[in-house]
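*Asks:* Quick one, what's the 3D model for this:
(one chain, ligands or ions: 1)
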Amino acid sequence: MAAQTRELDFSDFPPGTVTEYTTLVCLACIFDIFTKQLGLAPRSAYSEIKRYAPSIQELTSRTAVRPFFDSGDRHPRCPYCDAAKRWHARLDTCAIEGGKTTDAPRRALFKLLQKKGERFQVLELKSNRREAFFDWLDTLRISMEFSSSDWLIESTRAYLERREPKTEWETTFTAVRAVRPSSRLSEGWELDGNRLFLAPDLYNEVLLVQYLVSRSQEHGGRTLEGRLTLMELIRRIRRGGYLNSHGISTTDQFEILDRLVDEVAGSGNLKLYYVVDRREFLEKVKAVYASYA
Ligand SMILES: [Zn+2]
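*Replies:* Numbering: from 1, shown residues only. From the prediction side, this is the model:
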(Lines give C-alpha, C1' and ligand atoms only; values in the text may rest on other atoms or scores of the structure.)
Protein backbone atom coordinates (compact mmCIF):
# COMPACT_ATOMS: atom_id res chain seq x y z
CA MET A 1 0.00 0.00 0.00
CA ALA A 2 2.74 2.45 0.97
CA ALA A 3 4.71 1.54 -2.16
CA GLN A 4 1.60 2.06 -4.26
CA THR A 5 0.80 5.52 -3.01
CA ARG A 6 4.42 6.63 -3.26
CA GLU A 7 4.25 6.20 -7.01
CA LEU A 8 1.44 8.67 -7.27
CA ASP A 9 2.90 11.56 -5.40
CA PHE A 10 0.94 14.79 -5.53
CA SER A 11 2.98 16.70 -2.98
CA ASP A 12 4.37 19.03 -5.68
CA PHE A 13 0.86 20.20 -6.55
CA PRO A 14 -0.63 23.22 -4.75
CA PRO A 15 -3.33 22.22 -2.22
CA GLY A 16 -6.85 22.17 -3.61
CA THR A 17 -5.79 21.45 -7.21
CA VAL A 18 -6.08 17.66 -7.05
CA THR A 19 -9.35 15.87 -6.36
CA GLU A 20 -9.28 12.18 -5.51
CA TYR A 21 -12.04 9.71 -6.25
CA THR A 22 -12.25 6.06 -5.48
CA THR A 23 -14.71 3.41 -6.55
CA LEU A 24 -14.99 -0.36 -6.37
CA VAL A 25 -15.77 -2.46 -9.40
CA CYS A 26 -17.17 -5.97 -9.19
CA LEU A 27 -15.29 -8.32 -11.51
CA ALA A 28 -17.83 -11.09 -10.99
CA CYS A 29 -20.43 -8.76 -12.49
CA ILE A 30 -18.12 -7.86 -15.38
CA PHE A 31 -17.19 -11.49 -16.13
CA ASP A 32 -20.84 -12.35 -15.92
CA ILE A 33 -21.71 -9.71 -18.53
CA PHE A 34 -18.95 -10.85 -20.89
CA THR A 35 -19.38 -14.61 -20.56
CA LYS A 36 -23.12 -15.06 -19.98
CA GLN A 37 -24.71 -12.06 -21.67
CA LEU A 38 -22.22 -11.62 -24.52
CA GLY A 39 -21.33 -15.32 -24.73
CA LEU A 40 -17.56 -14.88 -24.80
CA ALA A 41 -15.22 -17.69 -23.74
CA PRO A 42 -13.36 -16.87 -20.50
CA ARG A 43 -10.09 -16.35 -22.38
CA SER A 44 -11.58 -13.69 -24.72
CA ALA A 45 -13.54 -12.17 -21.86
CA TYR A 46 -10.26 -11.83 -19.98
CA SER A 47 -8.50 -9.94 -22.78
CA GLU A 48 -11.54 -7.70 -23.31
CA ILE A 49 -11.81 -6.87 -19.63
CA LYS A 50 -8.12 -6.06 -19.33
CA ARG A 51 -8.58 -3.40 -21.98
CA TYR A 52 -11.80 -2.13 -20.43
CA ALA A 53 -11.49 1.57 -19.65
CA PRO A 54 -14.37 2.96 -17.58
CA SER A 55 -15.56 6.46 -18.36
CA ILE A 56 -14.68 9.43 -16.17
CA GLN A 57 -18.35 9.63 -15.26
CA GLU A 58 -18.29 6.03 -13.97
CA LEU A 59 -15.08 6.58 -12.06
CA THR A 60 -15.94 9.85 -10.39
CA SER A 61 -19.71 9.79 -9.94
CA ARG A 62 -20.87 10.14 -6.35
CA THR A 63 -23.59 7.60 -7.06
CA ALA A 64 -22.20 4.41 -8.57
CA VAL A 65 -24.04 2.10 -10.99
CA ARG A 66 -23.39 -1.58 -11.82
CA PRO A 67 -20.69 -2.91 -11.98
CA PHE A 68 -19.39 -0.05 -9.80
CA PHE A 69 -20.22 0.47 -6.16
CA ASP A 70 -18.98 2.35 -3.13
CA SER A 71 -18.54 0.92 0.30
CA GLY A 72 -16.78 1.89 3.48
CA ASP A 73 -16.92 -1.70 4.81
CA ARG A 74 -13.76 -3.69 5.41
CA HIS A 75 -15.37 -6.73 3.81
CA PRO A 76 -17.99 -5.41 1.45
CA ARG A 77 -20.24 -7.60 -0.74
CA CYS A 78 -21.20 -6.62 -4.25
CA PRO A 79 -24.65 -4.97 -4.00
CA TYR A 80 -25.63 -6.48 -7.38
CA CYS A 81 -24.44 -10.12 -7.21
CA ASP A 82 -23.27 -10.50 -3.59
CA ALA A 83 -19.71 -11.44 -4.65
CA ALA A 84 -17.11 -11.31 -1.87
CA LYS A 85 -14.10 -9.04 -1.60
CA ARG A 86 -11.68 -11.11 -3.71
CA TRP A 87 -13.87 -10.27 -6.71
CA HIS A 88 -13.64 -6.53 -6.19
CA ALA A 89 -11.02 -4.16 -7.51
CA ARG A 90 -10.45 -0.61 -6.40
CA LEU A 91 -10.03 2.07 -9.02
CA ASP A 92 -8.52 5.33 -7.81
CA THR A 93 -8.84 8.39 -9.97
CA CYS A 94 -7.23 11.78 -9.49
CA ALA A 95 -8.38 14.91 -11.25
CA ILE A 96 -5.80 17.65 -11.66
CA GLU A 97 -6.91 21.17 -12.48
CA GLY A 98 -4.99 22.46 -15.48
CA GLY A 99 -3.30 25.85 -15.11
CA LYS A 100 -0.10 27.73 -14.47
CA THR A 101 0.46 26.38 -10.98
CA THR A 102 0.01 22.72 -11.95
CA ASP A 103 1.63 22.57 -15.42
CA ALA A 104 5.17 21.76 -14.31
CA PRO A 105 4.37 19.09 -11.70
CA ARG A 106 1.76 17.57 -14.01
CA ARG A 107 4.22 17.19 -16.89
CA ALA A 108 6.77 15.60 -14.58
CA LEU A 109 4.18 13.16 -13.22
CA PHE A 110 2.85 12.20 -16.65
CA LYS A 111 6.35 11.56 -17.92
CA LEU A 112 6.82 9.12 -15.07
CA LEU A 113 3.47 7.44 -15.66
CA GLN A 114 4.10 7.01 -19.37
CA LYS A 115 6.74 4.44 -18.50
CA LYS A 116 4.19 2.41 -16.56
CA GLY A 117 2.18 1.50 -19.64
CA GLU A 118 -1.33 0.13 -19.12
CA ARG A 119 -1.16 0.40 -15.34
CA PHE A 120 -2.10 4.06 -15.48
CA GLN A 121 -4.48 5.79 -17.79
CA VAL A 122 -4.36 9.50 -18.41
CA LEU A 123 -7.36 11.38 -19.77
CA GLU A 124 -8.07 14.99 -20.57
CA LEU A 125 -11.42 16.69 -20.28
CA LYS A 126 -12.62 20.21 -21.00
CA SER A 127 -14.33 21.81 -18.05
CA ASN A 128 -14.76 25.25 -16.56
CA ARG A 129 -13.87 27.01 -13.34
CA ARG A 130 -17.38 26.84 -11.98
CA GLU A 131 -17.61 23.08 -12.38
CA ALA A 132 -14.16 22.65 -10.90
CA PHE A 133 -15.22 24.80 -7.96
CA PHE A 134 -18.27 22.64 -7.26
CA ASP A 135 -16.15 19.48 -7.50
CA TRP A 136 -13.81 21.03 -4.99
CA LEU A 137 -16.75 21.90 -2.69
CA ASP A 138 -18.00 18.35 -2.98
CA THR A 139 -14.64 16.94 -1.96
CA LEU A 140 -14.44 19.41 0.89
CA ARG A 141 -17.90 18.39 2.12
CA ILE A 142 -16.88 14.73 2.21
CA SER A 143 -13.68 15.43 4.14
CA MET A 144 -15.22 17.71 6.78
CA GLU A 145 -16.22 16.46 10.22
CA PHE A 146 -19.24 18.70 10.77
CA SER A 147 -19.88 17.48 14.32
CA SER A 148 -16.66 19.14 15.47
CA SER A 149 -16.37 22.92 15.33
CA ASP A 150 -12.84 22.57 13.91
CA TRP A 151 -14.36 22.31 10.46
CA LEU A 152 -15.01 26.05 10.46
CA ILE A 153 -11.29 26.69 10.73
CA GLU A 154 -10.42 23.83 8.39
CA SER A 155 -12.77 25.07 5.70
CA THR A 156 -11.33 28.58 6.08
CA ARG A 157 -7.90 27.12 5.51
CA ALA A 158 -9.07 25.05 2.52
CA TYR A 159 -10.48 28.14 0.85
CA LEU A 160 -7.37 30.22 1.52
CA GLU A 161 -5.21 27.40 0.15
CA ARG A 162 -7.25 27.38 -3.00
CA ARG A 163 -7.15 31.14 -3.35
CA GLU A 164 -3.51 31.70 -2.46
CA PRO A 165 -1.72 28.42 -3.21
CA LYS A 166 1.74 29.92 -2.76
CA THR A 167 1.33 30.78 0.92
CA GLU A 168 2.57 28.28 3.52
CA TRP A 169 -0.85 27.84 5.13
CA GLU A 170 0.03 24.74 7.07
CA THR A 171 2.50 26.66 9.23
CA THR A 172 0.20 29.67 9.53
CA PHE A 173 -2.73 27.56 10.67
CA THR A 174 -0.94 25.60 13.38
CA ALA A 175 -1.56 28.56 15.71
CA VAL A 176 -5.04 29.58 14.51
CA ARG A 177 -7.87 29.08 17.03
CA ALA A 178 -10.24 31.75 15.75
CA VAL A 179 -11.03 33.53 12.49
CA ARG A 180 -12.37 37.09 12.58
CA PRO A 181 -13.17 39.84 10.10
CA SER A 182 -11.08 42.98 10.39
CA SER A 183 -12.17 46.34 9.03
CA ARG A 184 -8.59 47.61 9.46
CA LEU A 185 -7.53 45.39 6.57
CA SER A 186 -8.53 46.43 3.08
CA GLU A 187 -7.36 43.15 1.63
CA GLY A 188 -5.64 39.92 2.59
CA TRP A 189 -5.13 38.61 6.09
CA GLU A 190 -3.10 39.03 9.25
CA LEU A 191 -2.19 36.64 12.01
CA ASP A 192 -2.31 38.02 15.55
CA GLY A 193 -1.39 35.38 18.13
CA ASN A 194 -3.89 32.61 17.61
CA ARG A 195 -6.40 34.78 15.79
CA LEU A 196 -6.49 35.05 12.03
CA PHE A 197 -7.93 38.34 10.78
CA LEU A 198 -9.36 38.51 7.30
CA ALA A 199 -10.24 41.57 5.23
CA PRO A 200 -14.06 41.90 5.03
CA ASP A 201 -14.32 40.71 1.40
CA LEU A 202 -12.19 37.66 2.08
CA TYR A 203 -14.11 36.90 5.26
CA ASN A 204 -17.40 37.08 3.39
CA GLU A 205 -16.08 34.71 0.74
CA VAL A 206 -15.19 32.25 3.49
CA LEU A 207 -18.76 32.53 4.82
CA LEU A 208 -20.09 31.83 1.35
CA VAL A 209 -17.92 28.71 0.99
CA GLN A 210 -19.02 27.48 4.42
CA TYR A 211 -22.62 28.14 3.54
CA LEU A 212 -22.30 26.17 0.29
CA VAL A 213 -20.50 23.27 1.95
CA SER A 214 -22.96 22.88 4.80
CA ARG A 215 -26.28 24.12 3.45
CA SER A 216 -29.27 21.91 3.73
CA GLN A 217 -32.71 22.67 2.44
CA GLU A 218 -34.39 23.57 5.73
CA HIS A 219 -31.75 25.06 7.97
CA GLY A 220 -29.48 27.12 5.76
CA GLY A 221 -25.74 26.79 6.09
CA ARG A 222 -23.36 26.86 9.04
CA THR A 223 -20.67 29.49 9.06
CA LEU A 224 -18.26 31.33 11.36
CA GLU A 225 -21.24 33.64 11.99
CA GLY A 226 -23.51 30.79 13.03
CA ARG A 227 -26.34 29.29 11.05
CA LEU A 228 -27.40 31.53 8.18
CA THR A 229 -30.18 31.30 5.64
CA LEU A 230 -29.37 32.46 2.13
CA MET A 231 -31.16 35.74 2.84
CA GLU A 232 -29.17 36.35 6.02
CA LEU A 233 -25.92 35.49 4.28
CA ILE A 234 -26.62 37.91 1.46
CA ARG A 235 -27.64 40.64 3.88
CA ARG A 236 -24.33 40.23 5.65
CA ILE A 237 -22.34 40.26 2.45
CA ARG A 238 -24.24 43.31 1.22
CA ARG A 239 -23.52 45.15 4.47
CA GLY A 240 -19.83 44.43 4.05
CA GLY A 241 -19.93 46.29 0.73
CA TYR A 242 -19.04 43.23 -1.32
CA LEU A 243 -22.00 43.44 -3.70
CA ASN A 244 -21.31 47.09 -4.49
CA SER A 245 -17.61 46.70 -5.03
CA HIS A 246 -18.18 43.67 -7.29
CA GLY A 247 -20.89 45.35 -9.35
CA ILE A 248 -23.67 43.00 -8.25
CA SER A 249 -26.84 45.06 -8.43
CA THR A 250 -29.58 42.45 -8.88
CA THR A 251 -32.01 42.02 -6.01
CA ASP A 252 -33.03 38.40 -6.64
CA GLN A 253 -31.31 36.31 -3.98
CA PHE A 254 -30.67 33.32 -6.24
CA GLU A 255 -29.15 35.54 -8.92
CA ILE A 256 -27.01 37.17 -6.26
CA LEU A 257 -25.84 33.75 -5.10
CA ASP A 258 -25.03 32.88 -8.69
CA ARG A 259 -22.94 36.01 -9.14
CA LEU A 260 -21.18 35.46 -5.83
CA VAL A 261 -20.24 31.95 -6.92
CA ASP A 262 -18.80 33.44 -10.14
CA GLU A 263 -16.66 35.77 -8.08
CA VAL A 264 -15.33 33.03 -5.86
CA ALA A 265 -15.04 30.27 -8.47
CA GLY A 266 -13.66 32.45 -11.26
CA SER A 267 -14.92 32.16 -14.80
CA GLY A 268 -13.64 30.71 -18.03
CA ASN A 269 -12.61 27.32 -19.28
CA LEU A 270 -10.31 24.93 -17.60
CA LYS A 271 -8.79 21.61 -18.50
CA LEU A 272 -9.03 18.69 -16.14
CA TYR A 273 -6.48 15.91 -16.31
CA TYR A 274 -7.44 12.53 -14.92
CA VAL A 275 -5.06 9.86 -13.80
CA VAL A 276 -6.64 6.44 -13.35
CA ASP A 277 -4.70 3.97 -11.26
CA ARG A 278 -5.46 0.60 -12.87
CA ARG A 279 -2.94 -1.51 -10.97
CA GLU A 280 -5.29 -3.24 -8.58
CA PHE A 281 -7.83 -3.71 -11.35
CA LEU A 282 -5.32 -5.49 -13.62
CA GLU A 283 -4.02 -7.65 -10.79
CA LYS A 284 -7.48 -8.71 -9.69
CA VAL A 285 -8.68 -9.40 -13.25
CA LYS A 286 -5.74 -11.76 -13.65
CA ALA A 287 -6.46 -13.54 -10.38
CA VAL A 288 -10.16 -13.86 -11.16
CA TYR A 289 -9.42 -15.21 -14.64
CA ALA A 290 -7.07 -17.80 -13.13
CA SER A 291 -9.96 -19.09 -11.01
CA TYR A 292 -12.20 -19.27 -14.12
CA ALA A 293 -9.75 -21.05 -16.43
ZN1 LIG B 1 -21.12 -8.18 -8.59
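
*Asks:* switch to C-alpha atoms for all contacts and neighbour counts from now on
*Replies:* Noted.

*Asks:* got the contact list for Leu228?
*Replies:* Contact analysis of Leu228 by Cα atoms under 8 Å, 6 or more residues apart in numbering lists 211, 219-222.

*Asks:* Burial check on the nearest residue to Arg77 once chain neighbours are set aside, number of neighbours?
*Replies:* Spatial nearest neighbour of Arg77, chain neighbours left out: Ala84 (5.0 Å); criterion: Cα to Cα, 6 or more residues apart in numbering. With neighbours defined by other Cα atoms under 10 Å, the count for Ala84 comes to 13.

*Asks:* And Ala84, its phi and psi?
*Replies:* Recorded main-chain torsions at Ala84 are phi -80, psi 180, according to degrees, to the nearest 10.

*Asks:* That one contacts Asp73, doesn't it?
*Replies:* No. Taking contacts as Cα atoms under 8 Å, Ala84 lies outside contact range of Asp73: 11.7 Å.

*Asks:* Low-confidence ranges, the stretch 1-150 of the chain, go.
*Replies:* When residues are selected by pLDDT under 70, those of the stretch 1-150 of the chain lie in 1-7.

*Asks:* what does the stretch 51-200 of the chain put close to the ion?
*Replies:* Residues of the stretch 51-200 of the chain lying near the ion by Cα under 5 Å from the ion: 78, 80-81.

*Asks:* mind listing the helices for the chain?
*Replies:* Per DSSP state H, the chain carries helices over the ranges 2-7, 27-32, 42-51, 56-60, 100-114, 129-143, 150-163, 169-174, 200-214, 230-239, 242-245, 253-265, 279-292.

*Asks:* Tell me the buried residues in stretch 100-110?
*Replies:* Buried residues in stretch 100-110, counting neighbours by 16 or more other Cα atoms under 10 Å, are found at 102, 105-106, 109.

*Asks:* if we take these, which one ends up nearest to the ion?
*Replies:* Set against the ion, the nearest of the buried residues of stretch 100-110 by Cα to the ion is Leu109 (33.4 Å).

*Asks:* Run through the residues that contact the closest one.
*Replies:* For Leu109, the residues meeting the contact criterion (Cα under 8 Å, 6+ apart) are Leu8.

*Asks:* Who is the residue nearest to Pro181 when sequence neighbours are not counted paired with across the strands?
*Replies:* Spatially, and ignoring its direct neighbours in sequence, Pro181 is nearest to Leu198 (4.9 Å; Cα to Cα, 6+ apart). According to DSSP bridges, Pro181, Trp189 are recorded as the beta-bridge partners of Leu198.
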